[in-house]
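A.B. asks: quick one, fold the following:
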Amino acid sequence: MSDDPQPSPTSRRRSVLFMPASNPRALAKARGLGCDAVILDLEDAVAPAAKADARGAAIAAAAQGFGARACAVRINALDTPWGAADAAALADAPGVDAVVLPKVACAADLVALRGLLGADGPPIWAMIETCGAILRLAEIVEAAAETGLTLLIAGTNDLAKEMRCRPGADRMPLVPALAQLVIAGRAAGLVVLDGVCNAIGDAERLAAECAQGAMLGFDGKTLIHPGQIDAANAAFGPSAEELAWARGVVAAFAAPAAAGLGAIRLDGAMVERLHLAEAERLLALAG
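C.D. replies: Numbering: from 1, shown residues only. Here you go, the predicted model:
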């Protein structure tokens, strides 16, 4: 299985845009957008009668490539009439950097998909969008090494529907589940993406959701419109202040006086080597 290292300039996931695989104009436009990755959607965005054609379009689009952007394909759930065929077609499809599996409920779903993709097939990105999946997060992430799982996506729309909650602008009912998702992902060394913002024309709400996602620890956000890309890139990319801090920490630990020390004083604060690791991560993320 190929891997999806993090972070590096080519693997950052600040902005991940869902695109309907059945819309060739949208796919062509995506090659000029500023998102870090695209997800070609075969599931929600495609009508049942168009599933087979969309699958072929996704494979053709992935083969053409999306420049520096990663290209993942969201297949239909494996318990649908199309899921297994989607997975088999993507097993060795050129340009497919990952396969997104919706409605992941347990580790067995990942094992089943890996069987269809083959040992050398693309990595798996799992959508966590049910109450059962939240309860089984430990089991799901513990299967990461075996199944090639590298990334988790919060499926906030479906999760809210199943919870029967009514998330407002602050998404308060979803925050406990979102925090659990981040904790599980971090424990397994996975990339973790926040769910989509449905308010396409509401820049203030989008900015607030992005800021909240970054505060909770997500690596980036899934998006449904190109107009949402800049807000996600700004929120999940290191700020100028964070980069200045990171450069200062790296420089301070590189000084001869810091050799062998586990902690040093910098700008009136105690800085440990765990902060050095975070500083190096931020600098790598900024490229």
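A.B. asks: can you tell me which residues contact residue 149?
C.D. replies: 110, 123-126, 140-141, 143, 188, 190 (CB atoms under 8 Å, 6 or more residues apart in numbering). C-beta: built from backbone N, CA, C; applies to glycine.
A.B. asks: out of the residues you listed, which comes closest to residue 69?
C.D. replies: Among those, residue 125 lies closest to residue 69 (CB to CB), at 14.5 Å.
A.B. asks: in which helix or strand does that closest one reside?
C.D. replies: Using DSSP states H and E, residue 125 maps to strand 124-128.
A.B. asks: what about the residue lying closest to residue 253 once chain neighbours are set aside, neighbour count?
C.D. replies: Of all residues not flanking residue 253 in the chain, residue 276 sits nearest, at 5.0 Å (CB to CB, 6 or more residues apart in numbering). By the measure other CB atoms under 10 Å, the count of residues near residue 276 is 19.
A.B. asks: what sits up against the host helix or strand of residue 276?
C.D. replies: Assigned by DSSP H and E, residue 276 falls within helix 273-286. Contacts with helix 273-286, where a contact means CB under 8 Å, 6+ apart, come from 7-9, 12, 237-238, 242-243, 245-247, 249-250, 253, 262-263.
A.B. asks: next step: these restricted to strands.
C.D. replies: Those of the contacts of helix 273-286 mapping onto strands are residue 263, per DSSP state E.
A.B. asks: quick check on the contacts of helix 273-286: which are buried?
C.D. replies: For these, a neighbour count by 16 or more other CB atoms under 10 Å gives the buried set as 7, 12, 237-238, 242-243, 245-246, 249, 253.
A.B. asks: test my guess that residue 92 contacts residue 119.
C.D. replies: No. Judged on CB atoms under 8 Å, residue 92 makes no contact with residue 119 at a distance of 11.5 Å.
A.B. asks: which secondary structure elements does the helix or strand residue 222 falls within contact?
C.D. replies: Taking DSSP H and E as the criterion, residue 222 maps to strand 220-223. If you count contacts as 3 or more CB pairs under 8 Å, 6 or more residues apart in numbering; DSSP states H and E, strand 220-223 packs onto strand 15-20, strand 191-194, helix 203-216, helix 229-236.
A.B. asks: what comes into contact with the third one?
C.D. replies: Think helix 203-216. The contact list for helix 203-216 (CB under 8 Å, 6+ apart) reads 169-171, 175, 178-179, 182, 194, 197, 199, 220-221, 228, 231-232, 234-236.
A.B. asks: list the buried ones in that helix?
C.D. replies: 205-210, 212-214, 216.
A.B. asks: kind regards, and thank you for your time.
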